[in-house]
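Chemist: sharing a model that was predicted from the sequence below.
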Amino acid sequence: MAISQSSADFELPVHAPPSADAEQRQGNAEQPAPRSDLRFLVLFAALSSSMGLSAGMAQITTSLYAVQLGASEAMLGLIASAQSVGVLVVGLPAGMAVDRVGPARPFVLGTVSAGLLYFVLPFFPSASWLLITTACVSFFMPLRFVSLNSVFLKALAGLGAARAGWFRATHMLGMFLIGPVVAARVVGAFGHAVAYWCISATFGLTLLLSPLVFGPHSVRVHGAPRQTTVLRRLFADAGIRRVALLEAGSQGINAYYTFFIVVIAVKIANLSAAQASNLVAIKGVSLIAALVLLGRTVTRWGKQRAYLIGLTVGGVSLLVLGLTATPISLYVGGFGLGLGLGLLQIVNLTEFARAGARFGHGALSGVNALVGPSGSFLGGVLGGVVGRALGLPAVFLLGAGACAGAGWLLRRNA
């Protein structure tokens, strides 16, 4: 999957004839036609944002509940880590399961199981039970978003690459902008138990919406190859490795900024806590706006140019964040970083969709579910270690250097 400057090469095939590998994987199953109509987009946006809403509510409610239970700092760290442990373990197997049985059954299993766990969680008020439940839920969540992601990657052939960022944008809208606000208000007005029951009810809502979105995509795919065979072929592909590294790197930078920009703003720029939190919001708004609005522009540019522009915008923004710590520079750097990350993620998602036509959309969704959280985890951990040694703003400068290096490699391999 060599990087090409041609915008035509960036376009997703709409009705391309299946390859021999795809025919072997599909067997006698009839592939559903892409659903590019407005009804699909509206229903998909409702389902994706509802899933983001439940995830965002769960994160904030769990943090607040752990504090109310008197969890120690060590326990708080374990609970925070438990939210992603299952994603790292189950992401790839979930993708293989989707390719074998279709997306509907894994989605239903994950939704019902996680919803029930959240429903019973308040009946046992202890930090240990919160930790156990949070860890258990994390093993079921990949079944949900890998299933939905595979449906969207398959539908992109009909929707067009210009809408590649819509899935992530609608999910982030619910998770980062709506979910935290709703959770804080529900906890403040009715308590943690009602908040968890509302989360459980939101899982039920997604269960009702899912058949309308999945539709013919719920068919079972016969003749899928063995999991080890698919993984070996996936990671032997230089293009997939390249996109996976770019996705992991962008998610790592995103995670570092989201967590540590508040610390930098308060301790170095002397901003208030409210002003510091706005830095997270402005990056989120620009990232979501880029995912929704820049798809057509990225398609016209072609993937090579889009990658280079995204890396340039992100790298310059990281330089601004690393070299200065004034309120204006932090706001400008955060806004620019969101735009740069949005450009990179549009191309990454499109490339995952293209590769899914050869390797299976479930398998690629599993890879995406693995590299993203892995990058976020490493970005937070390594960023904290390096930031302690060199200073937190210096990590942004290292990120700018990584963007420059990635851009040089892309140009050399073009």
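Modeler: It's in. Numbers count the residues shown, from 1 in each chain.

Chemist: so for whichever strand or helix holds residue 410, what gets flagged as buried?
Modeler: Secondary-structure assignment from DSSP states H and E places residue 410 in helix 392-412. Neighbour-count burial for helix 392-412 flags 392-393, 395-400, 402-403, 406-407, 410 (criterion: 16 or more other Cβ atoms under 10 Å). Using the backbone N, CA and C atoms, a C-beta is placed for each residue, glycine as well.

Chemist: likewise stretch 61-80?
Modeler: By neighbour count on 16+ other Cβ under 10 Å, the buried set for stretch 61-80 is 61, 62, 63, 64, 65, 66, 69, 71, 75, 78, 79.

Chemist: repeat that for stretch 45-58.
Modeler: Within stretch 45-58, the residues scored as buried using 16+ other Cβ under 10 Å are 45-58.

Chemist: now do the buried residues in stretch 177-192.
Modeler: Buried residues in stretch 177-192, defined by neighbour count with 16+ other Cβ under 10 Å: 177, 178, 179, 180, 182, 183, 186, 187, 192.

Chemist: of those residues, which belong to helices?
Modeler: Within those, residues falling in helices by DSSP state H are 179, 180, 182, 183, 186, 187, 192.

Chemist: correct me if wrong: the fourth one contacts residue 53.
Modeler: Read it as residue 183. No. Counting by Cβ atoms under 8 Å, residue 183 stays clear of residue 53, with 9.2 Å between them.

Chemist: picking up where we left off before, and the buried residues of helix 392-412 as CSV, adding distance to residue 239 and pLDDT?
Modeler: Formatted as CSV, the buried residues of helix 392-412 follow (distance: Cβ to Cβ, whole Å; pLDDT from 0 to 100):
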residue, distance to residue 239, pLDDT
392, 34, 88
393, 34, 92
395, 29, 92
396, 29, 95
397, 29, 96
398, 26, 95
399, 23, 95
400, 25, 96
402, 20, 96
403, 20, 97
406, 14, 96
407, 17, 95
410, 12, 92
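
Chemist: let's test this: name the helix or strand in this structure with the lowest mean pLDDT.
Modeler: Lowest by mean pLDDT, DSSP states H and E among the helices and strands of the chain is helix 20-26, with a mean of 41.

Chemist: can you list the domain ranges for the chain.
Modeler: If you go by automatic domain parsing, the domain ranges for the chain are 20-224, 229-412.

Chemist: out of the ones you listed, which gets the lowest mean score?
Modeler: Of all the domains of the chain, the minimum mean pLDDT falls on domain 20-224 (a mean of 84).

Chemist: backbone dihedrals for residue 270, please?
Modeler: With angles defined as degrees, to the nearest 10, residue 270 sits at phi 60, psi 40.

Chemist: and it, how many neighbours?
Modeler: Counted with other Cβ atoms under 10 Å, residues neighbouring residue 270 total 11.

Chemist: for it, give its distance to residue 167.
Modeler: According to Cβ to Cβ, to the nearest Å, residue 270 stands 39 Å off from residue 167.

Chemist: how about residues contacting stretch 246-258?
Modeler: Outside stretch 246-258, the residues that touch it by Cβ atoms under 8 Å, 6 or more residues apart in numbering are 280, 283, 287, 307, 314, 318, 321, 334, 337, 341, 344-345, 348, 368, 371-380, 382-383, 395-396, 399, 402, 406.

Chemist: in ChimeraX, select just the buried ones from those residues.
Modeler: Selection of buried members from the contacts of stretch 246-258 for ChimeraX, criterion 16+ other Cβ under 10 Å:
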select :280,283,287,307,314,318,321,334,337,341,344,345,348,368,371,372,373,374,375,376,377,378,379,380,383,395,396,399,402,406
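
Chemist: that concludes my questions; thank you for your assistance.
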